[in-house]
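> Dropping a prediction and its sequence here:
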Amino acid sequence: MTLASLVFDVVIIGAGAAGLFCAGQAGQRGLKVLLIDHADKVAEKIRISGGGRCNFTNRDLDPAAPHKHFVGQNPQFCRSALSRYTPADFIALVQKHGIAFHEKHKGQLFADRSAEDIIAMLLAECAAGGVTHWQPCRVKNIAFLASGAYPESASSYQIDTDRGTVQARSVVIATGGLSIPKIGATDFGYRLAQQFNIPLVERRPGLVPLTFDGAGWAPYAQLAGLALPVQISTGAKKSRMAFDEDLLFTHRGLSGPAVLQISSYWQEGTPLAINLAPTVDLPAALAQAKARSRKLIANELATLVPSRLADTWAQREADWQRPINEATDKALARLAEQLARWELTPTGTEGYKKAEVTLGGIDTRALSQQTMECKTQPGLYFIGEVVDVTGWLGGYNFQWAWASAHACAQALPA
């Protein structure tokens with residue numbers, strides 16, 4: 001290799017959704033791009049997302065009101081990028097590549113065939129931009145040079161890797177968060193931020209199942225595998241957040257879309273409130289059943305909620321283990337109230353091994369919302385999940401990856 005071949009306009013670290021998209025976009029602008037990733041396979045998170053079909057964006061995203069669908073210390077930070085690269089823009093790219101897709105519900109778009117089609121599209125975009133791709137390749141060190149390979153610029157970076165040392169005017173960090181370490185997640189981006197004194201927001205698992213202590217959960221463990229639509233909420237007054245989604249019981253606690261969504265808002269030590277029959281007027285239904293039926297309460301309840309749940313719930317009180325016509329009005333009112341507002345406090349989460357995203361990350365106050373460049377470290381950019389921007393379940397995090405990558409790619413100096 002000649003010295004000239006080891007000089008790039010930009011080195012992008014992380015070949016996931018944001019990194020791949022940024023590399024392709026920058027390459028097609030005419031920049032000389034090197035994309036590096038330490039893992040054996042490209043884009044593993046895309047590959048496993050959406051049940052293997054990749055929920056690649058969401059039609060319902062409102063770029064003018066990111067606080068509706070994004071969590072972080074300053075959700076408004078992502079407005080600029082989201083407004084300049086919208087779901088419609090990414091949909092147009094998917095259509096250009098002839099990828100068939102469908103909407104499941106609530107604006108969620110999935111590839112018809114496989115997430116592999118989205119990965120192939122991103123790799124094709126990189127090829128169209130002449131991107132150099134080193135993978136697997138580990139980055140050992142990044143140093144900031146006051147003067148480097150670009151005489152006309154004030155600075156550049158030296159990147160030491162398993163495949164040699166390169167220089168670049170710009171470095172883009174697209175290394176994601178800590179979630180799902182078995183597919184290659186690392187803390188590389190956070191360590192690099194600390195190296196350059198860039199502030200971080202505390203990290204924790206997001207979009208993650210919630211767990212409960214063994215003894216307290218024992219009565220409900222038998223419900224593992226049961227799914228049902230609920231309304232779930234946490235917080236009070238202005239901080240209250242609620243979702244109408246499906247809940248899934250597990251051996252250790254609760255999962256399903258409802259719980260994954262609420263987990264990003266749940267604070268340790270605070271309770272959840274769950275309405276297990278959100279579409280039913282329970283007091284009226286139970287009163288009507290009492291007037292006409294001699295069946296056990298559990299049997300009548302099984303017409304309103306899943307039978308396994310009805311049986312488990314009736315076991316909670318002796319007053320509920322009798323024919324419904326023999327129950328007191330107070331007992332039935334209590335049953336209706338507890339089903340409509342089941343309060344319970346998780347003891348924790350399933351952690352990063354089961355979390356779909358990482359909450360927290362690079363403090364958005366340290367970045368330009370137009371370009372994703374660090375305000376105090378010229379030529380260093382952070383995009384995607386590594387930043388303190390976390391979307392709802394349902395394609396919002398992928399749209400943030402595309403939008404932040406696009407904003408960065410358009411801003412990179414040639």
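Nice, thanks for sending it over.

> can you pull the buried residues of the helix or strand hosting residue 402?
Element membership of residue 402, judged by DSSP states H and E, is helix 396-411. Neighbour-count burial for helix 396-411 flags 396-410 (criterion: 16 or more other CB atoms under 10 Å). Any C-beta I mention is one placed from the backbone N, CA and C, and that applies to glycine too.

> And that helix, what does it pack against?
helix 17-28, strand 55-58, helix 79-84, helix 87-96, strand 390-391 (3 or more CB pairs under 8 Å, 6 or more residues apart in numbering; DSSP states H and E).

> picking that back up, can you tell me which of the buried residues of helix 396-411 lies nearest to residue 79?
residue 403 (9.9 Å; CB to CB).

> For that closest one, list the residues it contacts.
78, 81-82, 84-86 (CB atoms under 8 Å, 6 or more residues apart in numbering).

> Averaged pLDDT, stretch 129-138. What do you get?
Regarding stretch 129-138, the rounded mean pLDDT is 98.

> what about it, start to end distance?
Terminal residues of stretch 129-138 lie 23 Å apart, using CA to CA, to the nearest Å.

> What lies in contact with it?
With contacts defined as CB under 8 Å, 6+ apart, stretch 129-138 is touched by 8, 15, 23-29, 31-40, 42, 126, 161-163.

> Among those, which are located in strands?
8, 33-36, 161 (DSSP state E).

> Kindly reformat those as a markdown table containing distance to residue 315.
A markdown table is the format used below for those (distance: CB to CB, whole Å):
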| residue | distance to residue 315 |
| --- | --- |
| 8 | 65 |
| 33 | 62 |
| 34 | 62 |
| 35 | 57 |
| 36 | 57 |
| 161 | 60 |
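
> picking that back up, angle of the helix holding residue 402 against helix 17-28?
Here helix 396-411 runs at an angle of 30 degrees relative to helix 17-28 (axes from the mean of the first three to the mean of the last three CA atoms, to 10 degrees).

> Report the contact partners of residue 265.
So residue 265 contacts 71, 234-235, 241 (CB under 8 Å, 6+ apart).

> Can you tell me the SS state at it?
coil (DSSP: H, G, I helix; E, B strand; the rest coil).

> what about it, distance to residue 64?
Distance of residue 265 to residue 64, computed by CB to CB, to the nearest Å: 22 Å.

> Kindly report the same for residue 233.
Taking CB to CB, one finds residue 233 at 25 Å from residue 64.

> So if I had to pick from those two, which one is more boxed in?
residue 233 (20 against 8; other CB atoms under 10 Å).

> Pretty sure the more buried one sits in a helix.
No. Judged by three-state DSSP, residue 233 forms no part of a helix; its state is strand.

> Surely it and residue 240 touch.
Yes. Using CB atoms under 8 Å, residue 233 is in contact with residue 240, at 5.9 Å.

> okay if I get the contacts of residue 265 as CSV plus distance to residue 202 and neighbour count?
Formatted as CSV, those follow (distance: CB to CB, whole Å; neighbours: other CB atoms under 10 Å):
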residue, distance to residue 202, neighbour count
71, 13, 21
234, 19, 21
235, 19, 17
241, 19, 14
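
> What is the nearest of those residues to residue 302?
Closest approach between the contacts of residue 265 and residue 302, by CB to CB: residue 234, at 28.4 Å.

> Tally up the residues packed near residue 87, please.
23.

> go on, residue 207?
25.

> residues touching it, list them.
By CB under 8 Å, 6+ apart, the neighbours of residue 207 are 260-261, 263-264, 355-357, 390, 393.

> in the stretch 151-300 of the chain, what spans have low per-residue confidence?
The stretch 151-300 of the chain contains residues with pLDDT under 70 at 151-154.

> ranges for the helices of it?
188-195, 214-221, 256-263, 282-292, 297-301 (DSSP state H, counting those that start in this stretch).

> Now tell me what touches the fourth one from outside.
Under the criterion CB under 8 Å, 6+ apart, residues 295, 300-301, 303-304, 324-325, 327, 329, 332-333, 335-336, 339-340 lie in contact with helix 282-292.

> For those residues, work out which two are farthest apart.
Largest pairwise distance in the contacts of helix 282-292, by CB to CB, is 22.1 Å, between 325 and 340.

> So for those two, which residue has more residues nearby?
residue 340 (18 against 14).

> The more buried one touches residue 277, doesn't it?
Yes. The criterion here is CB under 8 Å, and residue 340 meets it with residue 277 at 6.6 Å.
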